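I would like to see how this sequence folds:
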Amino acid sequence: MTSRRDFVGHLAALGVVSSGASEVRRDLAQQAPVPGVLNVRASGAQGDGRADDTGAVKAAVAACAAGGGGIVFFPTGVYDVGEQIVVPQLVRLVGTGSRSSVLRARAGFPGNTAVVRLGDGKEYAFSCGVEQMQIECNHVFGSWGVFSSDLQENGCVSNVIINSYHRGGIQLDGDAGMGISNFYLENLELLASNGTRDSTGILVNAGSWKNRIENVSIVPHFSEGGYQGAAIRVVGGKLDAHGIHVEYHRDGVVFDRGSHGSLSDVDGEYVSNLVRIRTPGRVLVLFAYRSKGDSLLINETLSQTLFDGALAFYAQDGGADSYAITSSRNASSDLAPLRIGGGAAIAGHLSATVAWAPGRVSNGAAVGTTVKVPGAQAGDTVAVGFSHPVATGLIVSGAVSAPDVVSVTLANLSGKTATIGEGTVRADVWRH
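Take a look at the predicted model:
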């Protein structure tokens, strides 16, 4: 079998790409055959956006698999197919780029079907995938871009645009087949059809573990009002995700029942809930940013039922920095809760900041401000600090005055009028 690195080397030798280039620069249609690479046009595919290329594409995939695997290469063009393309293990579909090689569902494509299936459901699908292509679902009802129940080591969807899907972009369901592990999804752009209002960008179901997603943008076509469903939903599997951008979804990333994993560098615009935690499993969330929406984080396991779980979180919400380290443990857990100096157990630490300019404060007077600290509740222990120097006799204190709100007071007991410049006030909340 020809590896992806060897394939790129072959293309470089032919003058198709420069060494180390991430995309194929010219067609292979008129080039000499490359070992381990089967040009789909050699099997009769036209790629003109009019002909039915189903038979030719399936024949190319079958021939590649029969030869022990390799690459089915799609020169620049639009390849219309009327049936699902099943990619067996050791076979990859590779194009010239995500905007130049297009595999498109043609009129009459069956509904509720993925355009590409990785693995045949009968055996583990090692080293199969789709790279440097666009999958056009063409608004087919119930359509998915890619489905797999068997993807294993080195399986991938890489440098791909999945366009106009109705049901979802990528579905990985290990329980429906042999199980899924060690795959990677990277450098993807997922665009839902404007004919749906409940699609899912990436769905990872139970039976999936040790998997990663990197650099993914999930933004629906938007000719009408309304939000899509979840951009990424993990149900009963393990997923590590980094570099996720989401727009116009009700939920950004959801870790649902029985799932666990990590999430870093996630941002969203017009997302109701950027991160939603519904699992008792452990989830690590780092560096999240939401510029427009309702909630940055909802951790339902903390507010509903106590399980053995943990969450660490840093975020920037509308320009205000905040972070929270929270945990909940069931009675049978063998993990001791955090205590400092033998004091009461600490269930969580919340923190947030806000700019504040107290100005001129007369002796005996007091001024105040508020800090929004999501999760803070009456009775929590509060510590506050101010970045501007505070002279002797000036007392800064704080307390939770309402859910999610810390009221900060600066009292002047110095015996003289004081003028305090602008600085940053930080409120730390300790939950017991």
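
what residue lies at the spatial centre of the protein?
Central residue of the chain (Cα atoms, centre = their mean): I244, 4.2 Å from the mean position.

tell me the helix or strand right after the host helix or strand of that one.
Taking DSSP states H and E as the criterion, the element that holds I244 is strand 238-255. The first helix or strand that comes after strand 238-255 along the chain, using DSSP H and E, is strand 260-277.

so A411 is in contact with I395, correct?
Yes. At 4.7 Å, A411 counts as touching I395 under the criterion of Cβ atoms under 8 Å. Where you see a C-beta, it was placed from the backbone N, CA and C, and this is true even at glycine.

those two: who's more crowded?
Of the pair A411 and I395, A411 is the one with more neighbours under other Cβ atoms under 10 Å, namely 16 against 13.

who's that one bridged to?
Note on A411: beta-bridge partners by DSSP bridges are A366, I395.

and the gap between it and V367?
Going from A411 to V367 by Cβ to Cβ, to the nearest Å gives 8 Å.

helix or strand: which one has C64?
Using DSSP H and E, C64 falls in helix 54-66.

the helix or strand just after that helix vs helix 54-66, what angle?
Remark: after helix 54-66, the chain's next helix or strand is strand 70-74, criterion DSSP H and E. For strand 70-74 against helix 54-66, the angle by axes from the mean of the first three to the mean of the last three Cα atoms, to 10 degrees is 160 degrees.

buried stuff in strand 70-74?
Across strand 70-74, burial judged by 16 or more other Cβ atoms under 10 Å covers G70, I71, V72, F73, F74.

quick one: contacts for the last one?
Yep, that's F74 we're talking about. V40, A45, G47, L93, V94, G95, T96, S101, L103, M133 (Cβ atoms under 8 Å, 6 or more residues apart in numbering).

I'd like the residues you listed as JSON lines, with pLDDT appended.
Output for the contacts of F74, formatted as JSON lines (pLDDT from 0 to 100):
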{"residue": "V40", "pLDDT": "96"}
{"residue": "A45", "pLDDT": "97"}
{"residue": "G47", "pLDDT": "97"}
{"residue": "L93", "pLDDT": "97"}
{"residue": "V94", "pLDDT": "97"}
{"residue": "G95", "pLDDT": "97"}
{"residue": "T96", "pLDDT": "96"}
{"residue": "S101", "pLDDT": "97"}
{"residue": "L103", "pLDDT": "98"}
{"residue": "M133", "pLDDT": "97"}
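
can you redo those residues as CSV with neighbour count?
Converted to CSV, the contacts of F74 look like this (neighbours: other Cβ atoms under 10 Å):
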residue, neighbour count
V40, 28
A45, 25
G47, 23
L93, 29
V94, 23
G95, 27
T96, 23
S101, 26
L103, 27
M133, 26
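
just the helices from this protein, written as ranges.
Secondary structure of the chain by DSSP state H: the helices cover 4-13, 54-66, 300-304.

hey, least reliable of these by pLDDT?
Looking over those, mean pLDDT reaches its minimum on helix 300-304, with a mean of 43.

need the pLDDT of R106.
96.

spatially nearest residue to it, not counting backbone neighbours?
Nearest residue to R106, sequence neighbours excluded (Cβ to Cβ, 6 or more residues apart in numbering): D80, at 3.9 Å.

wait, doesn't the one you found sit right on G55?
No. At 11.4 Å, D80 does not count as touching G55 under the criterion of Cβ under 8 Å.

neighbour-wise, which of these two wins?
In this view D80 and G55 are compared by other Cβ under 10 Å, and D80 has more residues nearby, 25 against 14.

is that one in a bridge, and if so with what?
Bridge pairing for D80 - DSSP bridges - gives D52, R104.

what's it in contact with, if anything?
G49, R50, A51, D52, D53, T54, R104, A105, R106.

tell me, how many neighbours does H139 end up with?
H139, neighbours per other Cβ under 10 Å, totals 17.

number of nearby residues for the nearest residue to it once chain neighbours are set aside?
In this structure, H139 finds its nearest non-sequential neighbour in S193, 4.6 Å apart by Cβ to Cβ, 6+ apart. Residues lying near S193 (other Cβ under 10 Å) number 21.

what does G111 give?
10.

state the distance from it to Y79.
In terms of Cβ to Cβ, G111 sits 20 Å off from Y79.

again with Q134
10 Å.

who's more crowded, those two?
Legend: neighbour count by other Cβ under 10 Å for Q134 and Y79, higher for Y79 (29 against 24).

and that one, what is it in contact with?
Per Cβ under 8 Å, 6+ apart, neighbours of Y79: V40, A45, Q46, G47, D53, V57, S101, V102, L103, R104.

can you redo these as TSV with distance to L185?
Listed next are these as TSV, based on distance: Cβ to Cβ, whole Å:
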residue	distance to L185
V40	23
A45	26
Q46	30
G47	25
D53	25
V57	22
S101	18
V102	19
L103	17
R104	21
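
intersection of neighbour lists for Q134 and Y79?
S101, V102, L103.

noted, bye for now.
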